[in-house]
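Visitor: model the following, please.
(2 chains)
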Amino acid sequence: MQTREEIRGFLEVCFSVGAGENMIEITDLTKRYGGKTAVDHVNLTIEDGAFFSLLGPNGAGKTTLIGLLSTLLLPDSGEIRIDGEHVSRENTAVKRKLSVMSQEYSLRNDFMVSDILEQHGRLYGMPRAKRKEKAEELLAFCGLLDARKKTARQLSGGMKRKLMLCRALMTEPEYLILDEPTVGLDPVSRRQIWSTLYRLNEQGMTILLTTHYIEEAQILSHRVALLDSGRLCTVETPEALIAGLGSFAVDVFQNGEIATRHFAEKDTALAFAAETAGKTTLRETNLEDVFIAFAGKGIADGHSDGALGKMDRIS
Amino acid sequence: MGIRTALWEKWIEFRDAWLRITLSAVISPLLYLIAFGYGLGGHTGADGHPYIAFLIPGVIALSSMNTGYSAVATPLNVQRLYEHSFEQILISPTPLWQYILGETFGGALRGLYVAVLVLLLSLPFGVEMHVSVLFFAVIFLNGATFAALGVLAAIMAKTHADVARFSTFVITPMTFLCNTFFSLEKLPAALKTAIGCLPLSCASSILRAVSYGEMWKLSEFLILLCYLGAFLAGTYVYTIKKKSL
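Guide: Got it, this is the predicted structure:
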């Protein structure tokens, strides 16, 4: 694994992304599949340079929202603007600014690793010399240089993920959209990708991430949106979401089940733990607690309109 | 940008599997030439020419149709529904019309390649044929028309089986009806007109006329062009407007 200095040096050479006054604006966006509303009147603004995470239970509408951003899907109503320009399949100027790494593997199995990057560079109109140079750099950085003559079919799941990230970074996008980018990666590779994303964001690249690794969102994100049943329930910083639930958590192990209570004050949490029968553990609340409380309410209630207001919190 | 990229992709596909592509593309035409040419051809004639002379241009048109269609329809459908790699084309700034046109030209070139091989395979039959630039241009146009149809089929298909079904209902009937193995002259007038307007019938008719050294019909060439334009336009509009690709 590279040191942080090596990562910084690599990124300074490869990604000179300048900060500007641009943003992604989503207005009243709705997408339906038959009778099911996958994205329900979503309004959202993602500022330039932000690291923004979308969280929500399975089927919440995260991947659909990313499909709409990338123009794979077209909305039933509402619109998306990037830097003030309407996003559509025909707007090539906007599409040039975006790179998308999808949740599913999206590689041509019969193409060699080097061909996949070459194809991507061609699709974005990169000059020949730049394509070669960039592909070599990225493959070396992700440890795939020796695999460049292998076909995608011959790669492991983790190598495919890395290749997809290389491909997304080939074109030096202003907006990087990642749908579950670290699924299937070992912890070392996952951390390596976190470091890369963190540095890219520090250099000004706007990143939109969906993930089920809540730790990932907590470490990297400036703001987090909680999505459920297609509705945007809240948008906040991870710290504010945690504070909203209570900064201290007590896990209670009773009758073969684990229940968690959240407290704003440590003393209150300690007192609760002391007077509770069974095994208890005091710890700091994390974003995963927020997600579990949110998702649990959402599943229990059918949908979680204002779920955060209903979470189990003791002040 | 998009046309060259799509052509490059087709080249990569060919580079990595040229032997398999070549053998699978020429086996059917070779069997047609042996079975219908040697087997049946010795006993009959058509349009006032030996049957083998009638058959060869038809088989060439048929080969360019099949190759142009299958060079695009199956890979593109796999990329869209199984590999999901077609998403990257849609997301990219490459204009879709350019990519569609590139795929079409790629399929047409594959069709032309196989047609030339079939032409070479037919040499041992000793048939005198007039081969001109127009002959190859019509092969290319025919391949392009069916490659464009292949793009449309691949984009519209909801499952892999849909592409096979499309082939069963569209490509196979044309194989046997459209002026390849028998002359349309003996068909009832209405059927003759209807089948005569299909793209493979037009391509076979022009190729046959050119190979005989006779006059060919401009109307048939224009019909082929219209089909090509309609398939390309249909594909483009569908990909731009369809809400979930």
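Visitor: which SS class is A:L54?
Guide: strand (DSSP: H, G, I helix; E, B strand; the rest coil).
Visitor: who does it form a beta bridge with?
Guide: A:T210, A:A225 (DSSP bridges).
Visitor: write out the residues of chain B neighbouring chain A.
Guide: Residues of chain B found near chain A (CB under 8 Å from any CB of the partner chain) are B:1-2, B:4-5, B:8-9, B:12-13, B:16-17, B:79, B:83-85, B:87-96, B:239-245. Every C-beta, even on glycine, is put in place using the N, C-alpha and C of the backbone.
Visitor: A:I116 versus B:A6, what's the distance?
Guide: Look at B:A6 and A:I116: by CB to CB, to the nearest Å, they are 15 Å apart.
Visitor: for B:Y51, that is, sorry about that
Guide: From B:Y51 to A:I116 the distance is 49 Å (CB to CB).
Visitor: then B:R15?
Guide: 15 Å.
Visitor: the residue nearest the centre of chain B is in what secondary structure piece?
Guide: The centre of chain B sits closest to B:M65, judged by CA atoms, centre = their mean, with a distance of 1.6 Å. Secondary structure from DSSP states H and E places B:M65 in helix B:51-81.
Visitor: so, low pLDDT: which residues of chain B?
Guide: B:40-44 (pLDDT under 70).
Visitor: what about the helices in it?
Guide: Secondary structure of chain B by DSSP state H: the helices cover B:2-32, B:51-81, B:86-91, B:96-121, B:133-156, B:160-166, B:172-177, B:189-196, B:199-212, B:218-241.
Visitor: thinking again about what came up before, who's more crowded, B:Y51 and A:I116?
Guide: Just comparing B:Y51 and A:I116: by other CB atoms under 10 Å in any protein chain shown the higher neighbour count belongs to A:I116, 25 against 19.
Visitor: so who does the more buried one touch?
Guide: Shown in contact with A:I116 (CB atoms under 8 Å, 6 or more residues apart in numbering or on different chains): A:107-108, A:152, A:163, A:167.
Visitor: now list the buried members of the residues of chain B next to chain A.
Guide: B:1-2, B:5, B:8-9, B:12-13, B:79, B:83-85, B:87-96, B:239, B:245 (16 or more other CB atoms under 10 Å in any protein chain shown).
Visitor: shouldn't B:K192 be in contact with B:L184?
Guide: Yes: counting by CB atoms under 8 Å, B:K192 does reach B:L184; the two are 4.9 Å apart.
Visitor: show me which residues of chain A sit near chain B.
Guide: By CB under 8 Å from any CB, the residues of chain A that approach chain B are A:33, A:70-74, A:76, A:89-90, A:92-93, A:95-96, A:98, A:100, A:102, A:104-111, A:115, A:119-120, A:122-125, A:167.
Visitor: out of these, which sit inside strands?
Guide: A:33, A:98, A:100 (DSSP state E).
Visitor: helix, strand, or coil at A:E288?
Guide: helix.
Visitor: would you mind measuring from it to A:I214?
Guide: Distance from A:E288 to A:I214, by CB to CB: 4 Å.
Visitor: which of those two has more neighbours?
Guide: A:I214 (19 against 16).
Visitor: show me what contacts the more buried one?
Guide: With CB under 8 Å, 6+ apart, A:I214 has these contacts: A:55, A:286-288, A:291.
Visitor: who wins for most neighbours among those residues?
Guide: That'd be A:L55 among the contacts of A:I214, by other CB under 10 Å, with 28 neighbours.
Visitor: domain assignment for chain A?
Guide: Here the domain parsing of chain A from automatic domain parsing is A:4-238, A:240-314.
Visitor: pipe these into TSV and attach mean pLDDT and distance to B:V170 per row.
Guide: Output for the domains of chain A, formatted as TSV (pLDDT from 0 to 100; distance: least, CB to CB, whole Å):
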stretch	mean pLDDT	distance to B:V170
domain A:4-238	89	26
domain A:240-314	76	46
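Visitor: quick one, which of the ones you listed is packed in tightest?
Guide: Highest mean neighbour count among the domains of chain A (mean count of other CB atoms under 10 Å in any protein chain shown): domain A:4-238, with a mean of 19.
Visitor: out of the contacts of A:I116, flag the one nearest to B:S132.
Guide: B:S132 has its nearest neighbour among the contacts of A:I116 in A:R108, at 38.2 Å by CB to CB.
Visitor: how about the closest one: what's its closest non-neighbour residue?
Guide: Nearest residue to A:R108 in three dimensions, chain neighbours excluded: B:S85, at 4.6 Å (CB to CB, 6 or more residues apart in numbering or on different chains).
Visitor: surely that neighbour and B:N77 touch.
Guide: No: the criterion here is CB under 8 Å, and B:S85 misses it with B:N77 at 11.7 Å.
Visitor: what sits against B:F181?
Guide: B:32, B:36, B:55, B:58.
Visitor: repeat for B:L225
Guide: Applying CB under 8 Å, 6+ apart, the residues contacting B:L225 are B:L141.
Visitor: coming back round to it: the domains of chain A: which one's closest to B:L177?
Guide: domain A:4-238 (34.3 Å).
Visitor: helices of chain A, start to end?
Guide: Using DSSP H, helices in chain A cover A:4-14, A:62-69, A:92-95, A:113-123, A:128-141, A:157-169, A:187-202, A:214-220, A:238-245, A:266-275, A:287-301, A:307-310.
Visitor: nearest to B:I206, of those?
Guide: Across the helices of chain A, closest to B:I206 is helix A:113-123 (CB to CB), at 35.2 Å.
Visitor: could you export the closest one as PDB, CA atoms only?
Guide: C-alpha atoms of helix A:113-123 as PDB (Å, rounded to 0.1, in the frame of the first residue of the first chain):
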ATOM      1  CA  VAL A 113      -7.600  -4.300 -19.100                       C
ATOM      2  CA  SER A 114      -5.600  -2.000 -21.300                       C
ATOM      3  CA  ASP A 115      -8.300  -2.000 -24.000                       C
ATOM      4  CA  ILE A 116     -11.000  -1.100 -21.400                       C
ATOM      5  CA  LEU A 117      -9.100   2.000 -20.400                       C
ATOM      6  CA  GLU A 118      -8.300   2.800 -24.000                       C
ATOM      7  CA  GLN A 119     -11.900   2.600 -25.000                       C
ATOM      8  CA  HIS A 120     -12.900   4.900 -22.100                       C
ATOM      9  CA  GLY A 121     -10.300   7.500 -23.200                       C
ATOM     10  CA  ARG A 122     -11.600   7.300 -26.700                       C
ATOM     11  CA  LEU A 123     -15.200   7.800 -25.600                       C
END
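Visitor: quick check, distance from that helix to the centre of its chain.
Guide: From the chain centre to the centre of helix A:113-123 is a distance of 24 Å (CA atoms, centre = their mean, to the nearest Å).
Visitor: next one: stretch B:158-177
Guide: Remark: stretch B:158-177 is offset 13 Å from the chain centroid, using CA atoms, centre = their mean.
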